[in-house]
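**Student:** need a 3D model of the sequence below.
(2 chains)
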Amino acid sequence: MLIRVQEQPLDLAEAVRAVEHPSAGGLVTFSGVVRDHHDGKRVVAIGYEAYGTMAEAKMRQIAEDVIRRWPDSRIAILHRTGKLEIGEASVVIAVSAPHRAEAFDACEYAIDTLKQIVPIWKKEAYENGEVWLEYEHRLAQDSAR
Amino acid sequence: MRLFARYRELAGTGSLELDVPAKSTALDVFDRVAESYPDMRSMRQSTLMAIESEFVKPQTELTDGEELALMPPVSGGC
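**Tutor:** A predicted model of the protein is given here:
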């Protein structure tokens, strides 16, 4: 299991190497990449902030869940922090398992769960301002209550 | 205690030391910090709280020397 939150650019090959195994017949990778638009606005960069120790603890918890649910699977999860440009990877996940179906399922479970429970926040920078995602959304909702 | 993302910006710092009465809950501390920041007050229902890196319910009592983190809803990944 390879788990890390880091400021340096992510290396997908490192995640792949961490899960390669002779008994793994399927190896699935996922890269989350900074996109140039959101809600019709042009995104120029994204800043990621993490509660580092807790983020790694939660990522480890996800990895342990994966290994428990999909026997003989292996997993690597790397998440980046700091300011990222368009096209750079913010998260990479690699999962290997005896068969492809398990590897696909486990990888999807890992990214979906990461987005729900890992304490990391993103701030999108547009041409004319910045927005903390999810925060602004909830602020609008909660203020209306 | 630790503050992250928008809360860190509002407070102008990511870490604070607070003396609170015995049996204070995570929510009590949130309310005290949020007194100064109207936007945080509006986020009372959506704020995530963690003690020593574990998510807790707002009603959880703090014990001496513990680290409480107040966090907006998470938005990591991609």
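**Student:** contacts for the lowest-mean-pLDDT helix or strand in chain B?
**Tutor:** Lowest by mean pLDDT, DSSP states H and E among the helices and strands of chain B is helix B:38-42, with a mean of 88. The contact list for helix B:38-42, computed with C-beta atoms under 8 Å, 6 or more residues apart in numbering or on different chains, reads A:139, A:142-143, B:6-7, B:10, B:30, B:33-35, B:47. C-beta: built from backbone N, CA, C; applies to glycine.
**Student:** quick check, nearest of those to residue A:70?
**Tutor:** For the contacts of helix B:38-42, the residue nearest residue A:70 by C-beta to C-beta is residue B:47; the value is 33.4 Å.
**Student:** the residue nearest in space to the middle of chain B and chain A: what is the separation?
**Tutor:** Among the residues of chain B, the one closest to the centroid is residue B:70, at 2.5 Å (C-alpha atoms, centre = their mean). Going from residue B:70 to chain A by C-beta to the nearest C-beta, to the nearest Å gives 10 Å.
**Student:** quick one on the thing from earlier: now do the buried residues in the least confident helix or strand of chain B.
**Tutor:** Judged by neighbour count using 16 or more other C-beta atoms under 10 Å in any protein chain shown, the buried positions of helix B:38-42 are B:39-40, B:42.
**Student:** next SSE downstream of that helix?
**Tutor:** Downstream of helix B:38-42, the next assigned helix or strand under DSSP states H and E is strand B:48-51.
**Student:** just the buried positions in the helix-or-strand element of chain A with minimal mean pLDDT, please.
**Tutor:** Of all helical and strand segments in chain A, the minimum by mean pLDDT, DSSP H and E falls on helix A:135-143, at a mean of 76. For helix A:135-143, a neighbour-count test (16+ other C-beta under 10 Å) marks A:135-136, A:138-139, A:142 as buried.
**Student:** can it be said to contact chain B?
**Tutor:** Yes - using C-beta under 8 Å from any C-beta of the partner chain, helix A:135-143 reaches chain B at A:135, A:138-139, A:141-143.
**Student:** would you list every one of the strands in the chain?
**Tutor:** The chain I'm using is chain A. Here chain A has its strands, by DSSP state E, at A:2-6, A:26-33, A:37-38, A:41-50, A:74-80, A:82-85, A:89-97, A:120-126, A:129-132.
**Student:** chain B was what I was after
**Tutor:** According to DSSP E, chain B carries its strands in the segments B:2-3, B:48-51, B:54-55, B:68-71.
**Student:** tell me which of those sits most buried.
**Tutor:** Neighbour counts (mean count of other C-beta atoms under 10 Å in any protein chain shown) averaged over each of those peak at strand B:68-71, with a mean of 24.
**Student:** so what are the sheet partners of that strand and their directions?
**Tutor:** Strands that pair with strand B:68-71, judged by DSSP bridges, come out as strand B:2-3 (parallel), strand B:48-51 (antiparallel).
**Student:** any weak-confidence spans in the chain?
**Tutor:** All of this is about chain A. Across chain A, the ranges flagged by pLDDT under 70 are A:143-145.
**Student:** apply 90 and report the result again.
**Tutor:** Residue ranges of chain A with pLDDT under 90: A:39-40, A:128, A:133-145.
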